[in-house]
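Peer 1: below is the sequence, then the predicted model.
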Amino acid sequence: MNIVAYCRVSTDKKEQLQSLETQKEFFEDYAKREGFNLVRIYADEGISGTKIKNRHEFLRMMKDSEKGLFQMVVVKDISRLARNTVDFLTSIRALKAQGIKCKFITSNLSTEDGEMTLSILAMVAQEESSNTSKRIKASKRLFAEKGRVPNITYGYDKIKGDSYNLTINEAEVAVIKRIYSMYIEDGHGASKIALILNQEGLKTKRGCNWSQNAICRILTNPLYVGKLINCKEEVQDFLTGVRVEREERDWLIHDKPELRIIDDETFAKAGAILNDRNVAFNTNKTRQSNRHLFSTLIKCSECGYSYRRRVRTYVNTYTDWMCSVLYSKTTDEGRCCNSVTVDEGELIATIEEYFRGLIADKPNVIKGIVAKFNRLYKDKDDNAKTEAELQAKITKLNRSREKCKEMYKDGAIERDEMRRDMEDLNVQIEKLGTELRLVQYNMNKGDLLEQILHDAFESIEKVTSLADMTNAQLKKIIEKIVVSPEGKVDIYLRLLTEIGLDDTVQVSDISTPRHNDTSRKNQPGIA
């Protein structure tokens, strides 16, 4: 009779792997003693018995069973086949349906003895796994309460055997501070930062290349501001291994000021930028990039996606910007209909001309903006009441966020539904936050607004040549540039959008519908 054997160990520790080798020798001796032809031994290393999906050798055995390669499967113990009663019964029934017998050597039982006895033993194995899970969870909780530190964290070194202390690695601290600087000051995205570090040959703590996720973990790890947080997640069901987020009040937080690398303001600023970019990508179709001067600044009024840069060389070299989904089908609706392109050189010249005009008429411009702001918000005489109402609305929405998390934790909604709801709530909170800032500006009778405008003008006055600026520097002055299919180009200045005035610089004659004639005959101007 052709037989196969299945064995498994739940960890990849050395002593467990030795146990696996012992199991293999056991099956070889068993086959010789009983006169069977051992076709193959299927062995899963370091895999839990509570879930089948990760047990590749087990799945391979079940697939091979359909080919008629063997007539019996031998397993040393029921718990080695599965610690999940449902999976256990499903597996032996699938084998039985193909005429394949399953024998458990230790208990001297097989599928011919009926399912009742096997089911009881499988339930015992599952209960043992449940108790083990509870013991591990309690042990981890105890270690967390004492302030156990992570084993491997970039920026720190750990003494072997010491579970509660870390020492700062000064060489890695320099890299961490540089990552925060590139992200906040230079405007680089996580992917760009990872690319830069990899090009310089720098490695992570595990000696791997940097990735976008690795950079994001650096930017969001509270340990860098001296806060050790444990028990943020827990395993909801030991059979599925699904992890759920715990309520913030249930986190175990230890202050570790001696481990601080980043100051609170820098850490908060990085977190705010990361959150804004996530919201922008999910709701406004905006990705983060600073490769070119106008990267992610030029938007299509039709599909909402960013324009991309295009360089073409015929007799001369032409550089322009076009909708990134004009010829693609990345949106649900298909290709975008906006064929208008914007010449880069003419756009630069027009913006520089507009900046010069602003600077020349600076006093009147500031006076006019303040006057318009006061006219728009003069009806808000009872600003304190309005401020309280907005605060209450924001608090209510934050409660809805927490309720949404609880519903997901209780299984009332799926993860995708929770994400959609959270995105909607984030957009509403952001909108109310902007309105709240407007009310607070108005409460200061325009004095704070004037100072903000003066600071903004200082940034504009420093611009000597737009072409020499970086994308991050330009984004501090310009919020966005919107191009319509009719060829209208609206430039939104950040100093106006941040205070709720949607005034735009409307530019004409620098955009043209795409056609075969690549020349630019019109001169730039301001409408």
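Peer 2: That came through fine.
Peer 1: for residue 484, give me the backbone phi and psi.
Peer 2: Taking degrees, to the nearest 10, you get phi -100, psi 160 for the backbone angles of residue 484.
Peer 1: so what's it closest to, chain neighbours aside?
Peer 2: Once flanking residues are discounted, residue 484 sits nearest to residue 301: 4.3 Å by CB to CB, 6 or more residues apart in numbering. Glycine gets a C-beta too; all of them are placed from N, C-alpha and C.
Peer 1: one more: residue 208?
Peer 2: residue 214 is the one closest to residue 208 (CB to CB, 6+ apart), at 7.9 Å.
Peer 1: quick one: residues contacting that neighbour.
Peer 2: 194, 204, 208 (CB atoms under 8 Å, 6 or more residues apart in numbering).
Peer 1: repeat that for residue 428.
Peer 2: Taking CB under 8 Å, 6+ apart, we find residue 428 in contact with residue 397.
Peer 1: now it: how far from residue 396?
Peer 2: 10 Å (CB to CB, to the nearest Å).
Peer 1: and what of residue 326?
Peer 2: 42 Å.
Peer 1: higher neighbour count, those two?
Peer 2: Per other CB atoms under 10 Å, whichever of residue 326 and residue 396 has more neighbours is residue 326, with 20 against 12.
Peer 1: surely the more buried one is in a strand?
Peer 2: No - under DSSP: H, G, I helix; E, B strand; the rest coil, residue 326 falls outside any strand and is assigned coil.
Peer 1: quick check: closest non-adjacent residue to it.
Peer 2: Spatial nearest neighbour of residue 326, chain neighbours left out: residue 336 (5.2 Å); criterion: CB to CB, 6+ apart.
Peer 1: that neighbour - how many residues pack around it?
Peer 2: Neighbours around residue 336, by other CB under 10 Å: 22.
Peer 1: return the residues in contact with it.
Peer 2: Applying CB under 8 Å, 6+ apart, the residues contacting residue 336 are 300, 302, 303, 305, 323, 325, 326.
Peer 1: quickly note the distance from the last one to residue 314.
Peer 2: When you say that, I think you mean residue 326. 20 Å.
Peer 1: please apply the same query to the fourth one.
Peer 2: As defined by CB to CB, residue 305 lies at a distance of 27 Å from residue 314.
Peer 1: so where's the stretch 201-350 of the chain uncertain?
Peer 2: 232-244, 248, 250, 279-290, 327-334 (pLDDT under 70).
Peer 1: in terms of helices and strands, where is the residue nearest to residue 208?
Peer 2: Taking DSSP states H and E as the criterion, residue 214 maps to helix 212-220.
Peer 1: hmm, back to that, by neighbours, which of the contacts of residue 214 wins?
Peer 2: residue 194 (22 neighbours).
Peer 1: got the residue ranges for the helices in the stretch 351-500 of the chain?
Peer 2: For the stretch 351-500 of the chain, applying DSSP state H, counting those that start in this stretch gives helices covering 362-376, 383-409, 415-443, 447-461, 471-475, 494-497.
Peer 1: just want the angle from the fourth one to helix 362-376.
Peer 2: What that stands for is helix 447-461. 140 degrees (axes from the mean of the first three to the mean of the last three CA atoms, to 10 degrees).
Peer 1: related to what we said a few turns ago, higher neighbour count, residue 305 and residue 314?
Peer 2: The neighbour comparison of residue 305 against residue 314 (other CB under 10 Å) goes to residue 305, with 22 against 7.
Peer 1: in contact with the residue lying closest to residue 262 once chain neighbours are set aside, which residues?
Peer 2: Nearest non-adjacent residue to residue 262, counting by CB to CB, 6+ apart: residue 224, 4.4 Å away. Residues in contact with residue 224 (CB under 8 Å, 6+ apart) are 155, 176, 218, 259, 260, 261, 262, 267.
Peer 1: what's the distance between residue 224 and residue 176?
Peer 2: Distance from residue 224 to residue 176, by CB to CB: 7 Å.
Peer 1: find the residues that touch each one of the two.
Peer 2: Listed as contacting both residue 224 and residue 176 by CB under 8 Å, 6+ apart are 155, 218, 261, 262.
Peer 1: Three-state assignment for the third one, please.
Peer 2: Using three-state DSSP, the three-state assignment for residue 261 comes out as coil.
Peer 1: which residues in the stretch 1-150 of the chain form strands?
Peer 2: 2-8, 37-44, 72-75, 101-104, 109-110 (DSSP state E, counting those that start in this stretch).
Peer 1: could I get the ones you listed in CSV, plus columns for mean pLDDT?
Peer 2: Converted to CSV, the strands of the stretch 1-150 of the chain look like this (pLDDT from 0 to 100):
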stretch, mean pLDDT
strand 2-8, 88
strand 37-44, 88
strand 72-75, 90
strand 101-104, 88
strand 109-110, 84
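Peer 1: nearest to residue 421, out of those?
Peer 2: strand 37-44 (38.8 Å; CB to CB).
Peer 1: and that closest one, C-alpha only, in PDB?
Peer 2: The C-alpha coordinates for strand 37-44 follow below in PDB (Å, rounded to 0.1, in the frame of the first residue of the first chain):
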ATOM      1  CA  ASN A  37       5.600   2.000   0.600                       C
ATOM      2  CA  LEU A  38       6.200   5.600   2.000                       C
ATOM      3  CA  VAL A  39       5.700   7.800  -1.000                       C
ATOM      4  CA  ARG A  40       6.300  11.100   0.600                       C
ATOM      5  CA  ILE A  41       6.500  13.000   3.900                       C
ATOM      6  CA  TYR A  42       4.700  16.300   4.100                       C
ATOM      7  CA  ALA A  43       6.100  18.600   6.800                       C
ATOM      8  CA  ASP A  44       5.100  22.100   7.900                       C
END
